[in-house]
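Q: pasting the sequence and the predicted model now:
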Amino acid sequence: KKSILKMMDRTNPKKIIVVSSAPQIRYPDCYGIDMARLENLVAFQATLELLKESDQYHIIEEVYQKCKQQVDLEDNEVQNFVKEIYDPFTDEQISDKIAELLSDESIKAEVKIIFQKVENLHRACPKNLGDWYFTGDYPTFGGNRVVNRAFINFYEGSTERA
């Protein structure tokens, strides 16, 4: 946001297209990569903005309540309710909002961001299903607990690790 798009814009293009070989990262990773805070993920930030703009921000409260109700459940009973915040929007709508968030008024070119589709990632890497930070489908029950805790932390303004 602070440099690459501005550097590209200095060449005065009509349009800047950024293509990611990965899908949108929507969920925290609890298996090695330090991506524990939802609010640091641009796809999450973009979705929050879309929820506000479409008068659907009540979904945030609903998901928070569902996550809180699961705090004392056994790991194998916990569901990932954070997926519900993404449900009202297409991948393209979220990508377009990401492009908007990463651009500021100093960038004159139109900015388009294209992310790999999860389905295409699976076709390209059929034997590697480590896609939980894109899909929210964690390989262990504990992953659902972590994503819900990360959401609770976001909602409550806590900066502790999920």
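A: On my side now, so go ahead. Residues are numbered from 1 along each chain as shown.

Q: tell me the centre residue of this structure?
A: The centroid of the chain falls nearest to residue 26 when counting by Cα atoms, centre = their mean (2.4 Å).

Q: show the pLDDT at it.
A: The predicted local distance difference test score for residue 26 is 96.

Q: residues in contact with the residue nearest to it when sequence neighbours are not counted?
A: For residue 26, ignoring the flanking residues on the chain, the nearest one in space by Cβ to Cβ, 6 or more residues apart in numbering is residue 43 at 4.7 Å. The C-beta positions use only the backbone N, C-alpha and C, and glycine is treated the same way. Going by Cβ atoms under 8 Å, 6 or more residues apart in numbering, residue 43 touches 24-26, 86, 94, 98.

Q: check which helix or strand covers the residue nearest to the centre of the chain.
A: Element membership of residue 26, judged by DSSP states H and E, is empty: it is in no helix or strand.

Q: list the contacts of it.
A: Counting by Cβ under 8 Å, 6+ apart, the residues that residue 26 touches are 41, 43-44, 47, 86, 133-136.

Q: scan the residues you listed and report the most crowded one.
A: Within these, residue 47 tops the neighbour count with 26 neighbours, counted by other Cβ atoms under 10 Å.

Q: ok, it to residue 68 distance?
A: Residue 47 sits at a distance of 20 Å from residue 68 (criterion: Cβ to Cβ, to the nearest Å).

Q: and what of residue 49?
A: Counting by Cβ to Cβ, the gap from residue 49 to residue 68 is 24 Å.

Q: dihedrals phi and psi, residue 16?
A: In this entry, residue 16 is assigned phi and psi values of phi -110, psi 120 (degrees, to the nearest 10).

Q: buried ones in the longest helix along the chain?
A: When every helix of the chain is counted residue by residue (DSSP state H), the longest turns out to be helix 141-156. Taking 16 or more other Cβ atoms under 10 Å as the neighbour-count basis, helix 141-156 is seen to contain the buried residues 143-155.

Q: go on, stretch 125-132?
A: When burial is assessed from 16+ other Cβ under 10 Å, stretch 125-132 yields the following buried residues: 131-132.

Q: circling back to that earlier point, export the longest helix of the chain as CSV, just CAs?
A: This file holds the C-alpha atoms of helix 141-156, laid out as CSV (Å, rounded to 0.1, in the frame of the first residue of the first chain):
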residue,chain,number,x,y,z
PHE,A,141,-10.4,-29.4,15.4
GLY,A,142,-8.2,-27.0,17.2
GLY,A,143,-8.0,-24.8,14.1
ASN,A,144,-11.7,-23.9,14.5
ARG,A,145,-11.1,-22.9,18.1
VAL,A,146,-8.2,-20.7,17.0
VAL,A,147,-10.2,-18.9,14.3
ASN,A,148,-13.1,-18.3,16.7
ARG,A,149,-10.7,-17.0,19.4
ALA,A,150,-9.1,-14.7,16.9
PHE,A,151,-12.5,-13.3,16.0
ILE,A,152,-13.4,-12.9,19.7
ASN,A,153,-10.1,-11.1,20.2
PHE,A,154,-10.8,-8.8,17.2
TYR,A,155,-14.4,-8.1,18.4
GLU,A,156,-13.3,-7.4,22.0
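
Q: no further questions, thank you.
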